[in-house]
Every structure is written in C-alpha cells, then in structure tokens.
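K.L.:
sequence? don't have it. structure:
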Ligand code: GLA
C-alpha cells in the first residue's frame, strides 16, 4: 500500500511526498448515540485504513486526489476555504485545513493523495479516517504540536461546520487514539480515554462485521433530529447533558418528560450503563460476557432510539440464532454494519447464516469482514 501510494503520489503530483500517514476506520463495541450527550463509548480501530501521502506547497493551494475518486485533482485556495458548497469527498480534507485555520493556526497548502481500504457508507467511519489522516499529516508537516484529542476536535469541527454533518466526536477519537489489541474507553466529556485490552484470539473469539450494504447518510436530518431531542430533554431536566443522569434516577426523570422524549432518554442512559458494564467485563478478562450487552444494546437502538432498519435487525437475529454470543448495529444506524461476537469456530457458519437469511428475505448479500483491534492514526513512511 505504502509503495503504491508513494508511486501514485509522484505520478499525480510530479514530486516525492514528504511522508505517508494512515488512519483507520472503526467499529463501536457499545455506547451508541452517547457521544453527543457527553457520554461513554467503547470503539476499536479496524485494520482498514485511509493512507495519505502528502507534501507541503508554498503557493497556498491545496490539491487533493483520491485513488477512489474520479481521477481528477480537486484544487482549493487555502485562504478562500469556506463552509458550504460542493466538492464531494474533497470537502473532508479541505474542511480539516479550514478547521485548523479557524483555530488560528497558520497552515498553508499541500499536495495530497489518498488511498482508502475503509468501506464507504458502511457505518465504519470512512470519513473520520480521511479527516484524521489529513489532521495527523498537517500536524506533523506544519509542526503544530496538537494533542490527539485536539486533532479529534479539529476533525469533528470540519465535519460539523464545513461538511455540515452534526456528528459527535467518537469516530475521530477512535481513529486517532485507538491502540492495537484493545478497545478505547472514551469519556466524551473532556475526552478522557483509557485503553482496555480486548484479546479476542486468546479467548477463542472472532468479531464479525456484517455490512448490510444499506447506505446511511448522517447528513439527512434524522441524526440531527435525534441529537436535538436529546439536548431538549437535558434542558428540560435542568442537566448540562444526558450523561448527568444515571440509571437509578431514570424512572423519576422519565415521568417529567413529554412522551416523545422518553425513549430517547431511556436509550442514552441505559446505553451509558452498558458501556460501564462492558468495560468491567473486559477489565476482568471476560470478553465473551460482552455478548448479552451487545444484543441488549441493539434492542434499545431498535425499540427506543429507532435507528435500526429491517436489514440490521435481521443480521442481528440471524447471527444470534446461528450461535453468536451477541450482536448489534454499530455506528449511527439507518443501515450500515452489524457486529457479532462469535466463538471463532462458528465464524464461518454465522457469516453464512446471515448471508442465507438475507437471500431468503430478498435483501442484497451482506459483506462479511473480521474486525481485528488495530492501531490508531500513525505515520507509516
Ligand atoms: C456516527 C457519529 C458519531 C456517533 C455515532 C453514534 O458514527 O459520527 O459521532 O454519534 O454515529 O454513536
């Protein structure tokens, strides 16, 4: 990958890159729709990455090219970058450069060439991988010295204000802060993190990713409406965020809320509780005990938060029926991917059972990948 990316960079930009960086996609084990409520999540990085070859330019131009694009180089004048407007995928790298300048950092132009193995539209954070690759490359090329959480805020700001997607910060934190062999216990308030060992192989387990191939689009308004509902509920309860409500206070709080907000609050509060219990189980060296928490999390996303869809529900159901210890949708929802924790010897039969169930239901075949806890963003050459 690295050699190909350097060679392609030279062909496209007519010079050698100054370096090559990689930033991964992620799955979230548990803690969904909690990040924008200042809550907790437990993502892990995937082996699939966005690789970026980059070199500074001194003429104020940002020239971006992607191996997955239409072959053209998209050019921006860095000083004129502004939110809104078109640009397709190129809005993401451009947004990161804009967000760095918004922080008052005097960054200039660059030649970029991107090559990604993170599936797009699968709920595996391909856009965060892209943003984070650009963020770490710029940090180093322009000697910015920003911390990983600061870079995550920059990438999130790019996505929120430049690309217009009102996401939380989990995906960017996962791409930037995860470590090989573990999951990342993220406290979205203050961005405190702890690495939690997740030794699948040592426990005879496999984590499958079942990509339903139903495309989700967080920009479509449903995500923003859910987020606004949570913020309204917190205001009505007189709390800074729903994170400030714990499970013991839940019945009293729900009694004070209008009916439409009750399931949202119930999901967020019980989901934060599930993250805490999952981290305890992993710290105790019992990753198999995550299974029931995953399936309970899915029920909450399906029935209370209502972000699942027939394909994700069927994937969860078929995986569990075929012997998965637990399964749930991962990421924002409205399609995307399901994760299933399975005894290693059943991995092939669980994947097959989900594929068969999709065929019987008349759904397009899912893509089945294995999730291996991998390293966060890094320089690779
Ligand atoms: C998307 C967003 C994240 C998070 C998840 C749901 O992936 O980008 O910030 O809100 O949905 O947990």
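P.N.:
Perfect, thanks for sending it. Predicted model only: the values in this text are computed from it and were never measured.

K.L.:
what are the ranges of the strands in the chain?
P.N.:
Counting by DSSP state E, the chain has these strands, from start to end: 19-28, 40-41, 43-57, 61-66, 74-77, 109-116, 182-187, 192-197, 205-211, 326-330, 337-343, 367-371, 378-379.

K.L.:
so which of the ones you listed comes closest to residue 268?
P.N.:
Nearest to residue 268, of all the strands of the chain, is strand 40-41, at 10.3 Å by Cβ to Cβ. (Glycine included, C-beta is placed from N, CA and C.)

K.L.:
any chance you could map the helices in the stretch 101-250 of the chain?
P.N.:
126-141, 148-157, 170-177, 222-236, 250-255 (DSSP state H, counting those that start in this stretch).

K.L.:
closest one to the ligand among those?
P.N.:
Between the ligand and the helices of the stretch 101-250 of the chain, the tightest spacing by Cβ to the nearest ligand atom is seen for helix 170-177, at 4.5 Å.

K.L.:
ok and the top helix by length along the chain relative to strand 326-330, angle-wise?
P.N.:
Taking residue count as the measure and DSSP state H as the definition, the longest helix of the chain comes out as helix 262-283. With axes from the mean of the first three to the mean of the last three Cα atoms, to 10 degrees as the criterion, the two stretches helix 262-283 and strand 326-330 enclose an angle of 120 degrees.

K.L.:
what sits against the closest residue to residue 381 other than its chain neighbours?
P.N.:
Leaving out its chain neighbours, the residue that sits closest to residue 381 by Cβ to Cβ, 6 or more residues apart in numbering is residue 20, at 4.0 Å. By Cβ atoms under 8 Å, 6 or more residues apart in numbering, the contact set of residue 20 is 2, 5, 6, 51, 52, 53, 54, 379, 380, 381.

K.L.:
hmm, residue 194 is touching residue 185, no?
P.N.:
Yes. Proximity of residue 194 to residue 185 meets the contact threshold set by Cβ atoms under 8 Å, at 4.3 Å.

K.L.:
which parts of the stretch 51-200 of the chain sit against the ligand?
P.N.:
The interface of the stretch 51-200 of the chain toward the ligand, taken as Cβ under 6 Å from any ligand atom, is made up of 167, 168, 170, 171.

K.L.:
can you report how many residues lie near the second one?
P.N.:
Residue neighbour count, defined by other Cβ atoms under 10 Å, stands at 23 for residue 168.

K.L.:
backbone dihedrals for the closest residue to the ligand within the stretch 1-150 of the chain, both of them.
P.N.:
Using Cβ to the nearest ligand atom, the point where the stretch 1-150 of the chain gets nearest to the ligand is residue 32, with a distance of 3.9 Å. The phi and psi values for residue 32, taken as degrees, to the nearest 10, are phi -100, psi 140.

K.L.:
that one and residue 331 touch, don't they?
P.N.:
Yes. The pair residue 32 and residue 331 passes the contact test of Cβ under 8 Å, sitting 7.4 Å apart.
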